[in-house]
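*Asks:* A predicted structure for the sequence below; I have some questions about it.
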Amino acid sequence: MRNPQKKPTLDSVTSINDDGSRFVIHPSDVKGSFTLWRKVSALFLIGIYVLLPWIPINGYPAVFLDVMERRFHIFGITLAAQDMWLLFFLVSGVAFTLFYITTFLGRVWCGWACPQTIFLEHLFRRFERWIEGDAAARKKLDNAPISGSKVFKRGLKLVIYFFLSAIIAHIFLSYFISIPQLWEWLHNSPKEHWKTFLFVAAFTMIIFLNFTWFREQLCIVICPYGRFQSALIDDDTLNVAYDYERGNPPGHVKEEKAGDCIDCRRCIQVCPTGIDIRNGLQLECIGCAACVDACDEIMDKVNRPRGLVRYASDRNLEGLKTRFLRPRTILYSALMLLGITVAGFAFNSVKPAVAMVTRMPGVPFYVTDSHIRNQFQIRLINKDSKELSFSIFAQANGQSAIIETSGTPDGTILQAMEERNSTYVVQVARDSFTGAFPLEILVIAEPGHVQILQEVEFLGPDPRLLKKNTP
Amino acid sequence: MSEPTKNKYEDKLRPHVYDGIQEYDNQLPNWWLWTFYGAVIISVIYWFSFYNAEVMKTDQELIGAQLAAVEKARLEALGELSDAVLWQMSRNPGFVSSGEAIFKEKCVACHGPDLKAGAGLAGVNLVDAEWKWGNHPMSVYTVVTNGSPDKKSGMQAWVSELGPQKVSQVVAFLLSHHSQQEMAAATSENEPIGL
């Protein structure tokens, strides 16, 4: 460490020294209500992450993305690869929800819910604190010459970090192969599933490097969220902010002309990204509110009111009230409601069975002495966990054509998760054929009376030619 | 009096100005620079192993090799097939039951569950003593593989969907309903094909 009392500026990133080398940040411990609630939120979210693959809903884990079978079980709904278009709602929904929340509460996601922060602050740094001591002790250890105790502490920390990374990676894998499968594979030789083994090994190493060494660099340099936060927030967004009117100019407690800030630098010491919140909102700020708790503690000690650093909007700092209802939030709320409604309809349209009608390869239609024939292939998919019986019906709405069908018999049984390409032949008597017409093919799956209606075109020759050729 | 030595890395402003906004010429993080160096090193390894030492195969080479393997298997399957081999298959329960499963899924639509086609079904009767394109197993095999020569009203080609192995299985199932003497005595409407 080159500069133990480094002064954060707006001109460069604290965690990178002038020569490009790394400045390791050791945030001090902090106590307070935000810290407590952040811990509660973190433990809750870690609990969800660990438990989801264990909770069975409708016979499958709550979230089971079965990539091998191309079946995605999400909270009791089973989706097939054909339902991939629903991903649109997931991707756009996640992005828009982030925008929506940012408008009101700034980067609350970063400090309170992002896996990077949660695993780093509430798992990895906890062990670091336990093994190497508080911030001052960790800085001292960084600068200490190599010794038996340093090697032991660092070694123990890295071993624990490695196991934590491996556990996180394995839980992640269980979302894709389920817990029983994971348990089975853990007992097999890596050679039998070497691709998966390689994936988990690589993932473990990435997590390990991230939380051992990379840390806040991900939030500052890689994550795009901080870069465009200026576009997402406005004067009424609640951010972690320093009340400059009240605090400035900083000075000693006894100085008469000084503001409420006593320049104790506690807010800098506790900051996990090494900024000085008194410089205002910066892209490095992950909104973790550690400085809020730190400043409140100091203010209590010097008998000044709390909230010199607090969740506040720009308007708030100017002495005005924060407006939650404003054109941006009204527009966002309307769009949010629209999105939720459309997504609701879309997910409701997902059925336990899929049927897709395609024309068979080859000529589009066949003409025999008595009939015109169209051949179709119907891809039947049973997405359910029990067997389904499929029946297929064809109808020509408002047409005089007499339809005969053959192929898949009524009540064709498909086992759970089975897929089958079934032949379906539709014939129309030559005499009743008056030209191409839309043909409705209705597939009904029982039990549950799931109806899937597909429209295809029944093709044939020009009926005038047909008449001419008739003997 | 000597000038105080300037910090080599002191924040330097870049000369350009846009809308009154200027930027510093700060040093990039060293780890960032290493991702560049790493990419340069890997590109050399990549170029060498894919295009010079041929340790690794490009996607095109992999696909070419796979296609060649498929073509080889197809040709081998064709080369081995003959009337005699098809008859042999038709007496093998494993072949016949595989063929039956395929028949029930695909062919039944036109030829009927009893292979007799008949009312309302588009196909020809497969168990009578009359053949359309030849009373030989290889004729049947050729019709199933490439489709009926009558492109207007006849059967489509099945090889693209089933592949040669399944085609031979379904032909074996069909032949299991006939015997060699009976088929040789049957008649053919057209000149036999595929011989």
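*Replies:* That came in fine, so what should we check first?
*Asks:* Low-confidence ranges, the chain, go.
*Replies:* By default, I'm working from chain A. In the predicted model, chain A carries pLDDT under 70 at residues A:1-5, A:398, A:467-471.
*Asks:* ah, no, chain B please
*Replies:* In chain B, residues with pLDDT under 70: B:1-11, B:78, B:119-120.
*Asks:* again, 90 this time
*Replies:* B:1-15, B:20-28, B:50-61, B:68-98, B:101-136, B:145-166, B:168-169, B:179-195 (pLDDT under 90).
*Asks:* Up against chain A, what does it have?
*Replies:* Residues of chain B that fall close to chain A, judged by C-beta under 8 Å from any C-beta of the partner chain: B:7-11, B:24, B:26-33, B:105-110, B:112, B:120-122, B:147, B:151-154, B:156-157, B:160-161. Backbone N, C-alpha and C define where each C-beta goes, glycine included.
*Asks:* In helices, which of those appear?
*Replies:* Residues of the residues of chain B next to chain A located in helices (DSSP state H): B:Asn30, B:Trp31, B:Trp32, B:Leu33, B:Val108, B:Ala109, B:Cys110, B:Ser160, B:Glu161.
*Asks:* outside of stretch A:292-301, which residues touch it?
*Replies:* Contacts of stretch A:292-301 from elsewhere in the structure, counted by C-beta atoms under 8 Å, 6 or more residues apart in numbering or on different chains, are A:28, A:30-35, A:240, A:260, A:262, A:264, A:266-267, A:269-270, A:305-311.
*Asks:* and with 10 Å instead?
*Replies:* For stretch A:292-301, contacts defined as C-beta atoms under 10 Å, 6 or more residues apart in numbering or on different chains pick out A:27-36, A:38, A:240-243, A:247, A:253, A:260-262, A:264-271, A:277-278, A:304-312.
*Asks:* could you flag which of the residues you listed are buried?
*Replies:* With burial judged by 16 or more other C-beta atoms under 10 Å in any protein chain shown, the buried subset of those is A:27, A:30, A:32, A:34-35, A:38, A:240-243, A:247, A:260-262, A:264-271, A:277-278, A:304, A:308-312.
*Asks:* phi, psi of the residue nearest the centre of chain A?
*Replies:* Against the mean C-alpha coordinate of chain A, by C-alpha atoms, centre = their mean, the closest residue is A:Val94 at 6.6 Å. According to degrees, to the nearest 10, the main-chain angles of A:Val94 amount to phi -60, psi -50.
*Asks:* and what of A:Arg323?
*Replies:* phi -100, psi 110.
*Asks:* Dump stretch A:370-379 to CSV, keeping only the CA atoms.
*Replies:* Below are the C-alpha coordinates for stretch A:370-379, written out as CSV (Å, rounded to 0.1, in the frame of the first residue of the first chain):
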residue,chain,number,x,y,z
SER,A,370,-60.9,-39.7,-56.4
HIS,A,371,-59.2,-37.3,-54.0
ILE,A,372,-56.9,-34.4,-53.4
ARG,A,373,-54.5,-35.2,-50.6
ASN,A,374,-52.4,-32.9,-48.3
GLN,A,375,-50.0,-34.5,-45.9
PHE,A,376,-49.0,-32.9,-42.6
GLN,A,377,-46.7,-33.6,-39.8
ILE,A,378,-47.9,-32.7,-36.3
ARG,A,379,-45.3,-32.4,-33.7
